[in-house]
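S.K.: give me a 3D structure for the following:
(one chain, ligands or ions: 1)
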Amino acid sequence: MPGTPVYFPAVPLALLAVLLLLTACGGGHLPQSTLAPRSDFSGELFGLYKDVFWWALGVFVVVETLLLIAVARFRARPGAAEPKPVHGHTVLEIGWTLAPALILVFIAVPTMRTIFATSGRAPEGALRVQVIGHQWWWEYRYPELNISAYNELHIPVATPVQIELTSADVIHSFWVPRLGGKRDLIPGRTNRIAWRADSVGEYWGQCAEFCGASHANMRLRVDVQNDSAFQHWVDQQRAAPATPAKGSPEEAGQQVFRRSGCIGCHTIAGISQGKVGPDLSHVGGRATIAGALFPNTPEMLRRWIMNAPSQKPGALMTPQNLSPQDLNAVIAYLQSLK
Ligand code: CUA
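M.R.: Next comes the predicted model:
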């Protein structure tokens, strides 16, 4: 019949859409989910988050129930008398003052406890790692092990780690959602995080403080390893960089590296001492390049060396004008530096 309104289930559809969206929030397969903690630090935060969630849900249910009752019971009806207002009801007034105050206490106490628990002091004997933020990459120094790492942080599982954060240029923020953070890296001061990762695996992080053109491209990767794998990695970093065999493409690449602009910015132990970009002594052993932004493959290295700023806005590395042959050789050399 013309003119009959067609029922369009807007509200149920909207709720369904929200439900679908929310199902995307959980789950441990997500690399940067705070809802899948894997350290004591992030476990504390998640516990607090759940506590506050249940309190908030309780308040929501009570308030909405009272609201619906009031709407149903006291709505205007033709001929009905005005409902009697509540005034000066001492018990009610004490009740609705005391209940929120108590709820705030129940939220404040665990919050304070979590603030102290995550304040960043590791127990005696923890592994120390100094994290230095650069535009736009991460430097990690292990003062007791006398090694360094770049963009990819390696730590042993079930071991307390004392992370000391500072910056070489502007303010950055260290954040690995499943392990801990965020905490700012501020030039001229040292902030601290302490955590103990509880599962071996790969964890992704991200700079969480706007720091310029490639802030969004300032990623990081944490490799939590069992003790023997970690020790193997430490030994690798301590070793001198691989020496290419005579006449090999890698050796040709080393020559290209020596005579090109590379040496002005990058260190390779025994070859160069540049300090502008990351140390490349063991770059072939990393899974990623360019601030953990791209996989460490010949193709990505090619694009990166040819024109880094086109891959990562603001990158300081200038485009290198190398012949295809030189480019292939230098890529082979870099990949051989395990
Ligand atoms: Cu570093 Cu944002």
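
S.K.: which stretches of the stretch 201-338 of the chain form helices?
M.R.: Secondary structure of the stretch 201-338 of the chain (DSSP state H, counting those that start in this stretch): helices at 227-238, 249-259, 262-265, 298-306, 308-311, 324-336.

S.K.: counting by contacts, list what the third one packs against.
M.R.: To tie it back to what came earlier, the one meant is helix 262-265. Applying 3 or more CB pairs under 8 Å, 6 or more residues apart in numbering; DSSP states H and E, one finds that helix 262-265 contacts strand 272-273. C-beta: built from backbone N, CA, C; applies to glycine.

S.K.: and the second one, by the same measure?
M.R.: Packed against helix 249-259, as judged by 3+ CB pairs under 8 Å, 6+ apart, are the following elements: helix 324-336.

S.K.: could you check the angle the helix it packs on makes with helix 298-306?
M.R.: 120 degrees (axes from the mean of the first three to the mean of the last three CA atoms, to 10 degrees).

S.K.: now helix 324-336: how far from the chain's centre is it?
M.R.: 32 Å (CA atoms, centre = their mean, to the nearest Å).

S.K.: what's the answer for stretch 128-140, then?
M.R.: 13 Å.

S.K.: before we move on, the earlier item: so which of the helices of the stretch 201-338 of the chain comes closest to the ligand?
M.R.: Counting by CB to the nearest ligand atom, the ligand lies closest to helix 308-311 out of the helices of the stretch 201-338 of the chain; the figure is 16.8 Å.

S.K.: in that closest one, what's buried?
M.R.: Neighbour-count burial for helix 308-311, counted by 16 or more other CB atoms under 10 Å, picks out 308, 311.

S.K.: just the CA trace of it, in PDB.
M.R.: C-alpha atoms of helix 308-311 as PDB (Å, rounded to 0.1, in the frame of the first residue of the first chain):
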ATOM      1  CA  ALA A 308      65.600   6.400   1.300                       C
ATOM      2  CA  PRO A 309      63.500   9.600   1.700                       C
ATOM      3  CA  SER A 310      61.000   8.300  -0.900                       C
ATOM      4  CA  GLN A 311      60.500   5.200   1.300                       C
END
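
S.K.: which strands or helices does that helix pack on?
M.R.: helix 298-306.

S.K.: quick check: which helices or strands does the helix it packs on pack against?
M.R.: So helix 298-306, by 3+ CB pairs under 8 Å, 6+ apart, packs with strand 288-289, helix 308-311, helix 324-336.

S.K.: re earlier: turn the helices of the stretch 201-338 of the chain into CSV, columns for mean pLDDT and distance to the ligand.
M.R.: Listed next are the helices of the stretch 201-338 of the chain as CSV, based on pLDDT from 0 to 100; distance: least, CB to the nearest ligand atom, whole Å:
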stretch, mean pLDDT, distance to the ligand
helix 227-238, 94, 24
helix 249-259, 88, 28
helix 262-265, 86, 19
helix 298-306, 88, 19
helix 308-311, 88, 17
helix 324-336, 90, 24
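
S.K.: look at R121 and say how many residues are nearby.
M.R.: R121 has 12 neighbouring residues, counting by other CB atoms under 10 Å.

S.K.: residues in the chain within reach of the ligand, list them.
M.R.: Residues of the chain found near the ligand (CB under 6 Å from any ligand atom) are 133, 136, 172, 207, 209-211, 215, 218.

S.K.: same thing but 8 Å
M.R.: 133, 135-136, 170-173, 185, 207-212, 215-216, 218 (CB under 8 Å from any ligand atom).

S.K.: filter those residues down to the buried ones.
M.R.: 133, 135-136, 170, 172-173, 185, 207-209, 211, 215, 218.

S.K.: what's the farthest-apart pair in those residues?
M.R.: Q135 and A208 (14.8 Å; CB to CB).

S.K.: thought P278 was touching S148?
M.R.: No: look at P278 against S148 with CB atoms under 8 Å: they stay out of range, at 9.0 Å.

S.K.: wait, doesn't N226 sit right on V200?
M.R.: Yes: counting by CB under 8 Å, N226 does reach V200; the two are 5.6 Å apart.

S.K.: more crowded one of the two?
M.R.: V200 (15 against 12).

S.K.: quick one: contacts for the more buried one?
M.R.: Counting by CB atoms under 8 Å, 6 or more residues apart in numbering, V200 touches 157, 224-226, 229.

S.K.: now a ChimeraX select for only the buried ones of these.
M.R.: Buried residues within those, by 16+ other CB under 10 Å, are selected in ChimeraX with:
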select :157,224,225
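
S.K.: tell me the one of the contacts of V200 nearest G291?
M.R.: Closest to G291, out of all of the contacts of V200 and judged by CB to CB, is V224, at 19.9 Å.
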